[in-house]
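Q: Let's see this in three dimensions:
(one chain, ligands or ions: 1)
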Amino acid sequence: DIAQWLDRPLVLVGLMGVGKSTVGRRLATDLAIDFIDADEEIEAAAQMSISEIFERFGESYFRDGERRVISRLIDGVPRVIATGGGAFMNDETRALILQGAIAIWLDADIATLVERVSRRNTRPLLRGGNPGEVLTQLAKVRNPVYAQAQIHVRSKDGPHNRTVLTILEALA
Ligand code: S3P
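A: Here you go, the predicted model:
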């Protein structure tokens, strides 16, 4: 039973639209541990939406808040944490995750990501650009870094439940 030996959080990393929050929530339910969405924690702490934080204070301010929130959540308690797509790119945040948690890279092809982000586009990094082009560019830069995660799971087009099972298998 995985939840028995788990002594640290599971942190989902990967590009926007890959399903980190949905998969994370279901994974946590299956393991009977808490789920926390880091982006929501940041919004609650700042009393502002992520778009608003980007607009009013800029991306580096957001990254700093993100690092602080994630560092607080990595405390040896087993839980599932969904991070925003850029969190793992920050050297300090990534070091915190790799040392104190198990990083799980959720990966999908660009077409799947585009389809998923189009359903609800509130992402500042996609504003004003072609989502396919932006995500392709981000994937090029970020995938080699996401690859440092301890676990790599490809999220297929199908139901997220399949992805959750694959993660559980990888952990077992
Ligand atoms: C970002 C991803 C977003 C959010 C912010 C920046 C990124 O989270 O943190 O808009 O840099 O990829 P999701 O990955 O949950 O969309």
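Q: now the helix-or-strand element of the chain with minimal mean pLDDT, how far from the chain's geometric center?
A: When the helices and strands of the chain are compared on mean pLDDT, DSSP states H and E, helix 2-5 comes out lowest with a mean of 87. Distance of helix 2-5 from the chain centroid (Cα atoms, centre = their mean, to the nearest Å) equals 22 Å.
Q: who's in contact with it?
A: Counting by Cβ atoms under 8 Å, 6 or more residues apart in numbering, helix 2-5 makes contact with 31-33, 78, 168, 171-172, all of which sit outside it. Quick note: C-beta positions are derived from backbone N, CA and C, even for glycine.
Q: what's the spacing between the nearest residue in space to Pro124 that is not next to it in sequence and the ligand?
A: The shortest distance from Pro124 to any residue that is not its chain neighbour, by Cβ to Cβ, 6 or more residues apart in numbering, is 4.1 Å, and that residue is Phe54. Counting by Cβ to the nearest ligand atom, to the nearest Å, the gap between Phe54 and the ligand amounts to 7 Å.
Q: Quick check: which element contains Phe54?
A: Element membership for Phe54 (DSSP states H and E) is helix 50-57.
Q: Kindly export whichever helix or strand comes after that helix (C-alpha atoms) in CSV.
A: Towards the C-terminus, the helix or strand next in line after helix 50-57, according to DSSP H and E, is helix 59-73. The C-alpha coordinates for helix 59-73 follow below in CSV (Å, rounded to 0.1, in the frame of the first residue of the first chain):
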residue,chain,number,x,y,z
GLU,A,59,6.3,37.3,-13.7
SER,A,60,9.4,37.3,-11.4
TYR,A,61,7.3,38.5,-8.5
PHE,A,62,4.9,35.6,-9.2
ARG,A,63,7.8,33.1,-9.4
ASP,A,64,9.0,34.2,-6.0
GLY,A,65,5.6,33.7,-4.4
GLU,A,66,5.4,30.4,-6.1
ARG,A,67,8.7,29.3,-4.6
ARG,A,68,7.6,30.3,-1.2
VAL,A,69,4.3,28.6,-1.4
ILE,A,70,5.8,25.4,-2.7
SER,A,71,8.6,25.4,-0.1
ARG,A,72,5.9,25.6,2.6
LEU,A,73,4.1,22.6,1.1
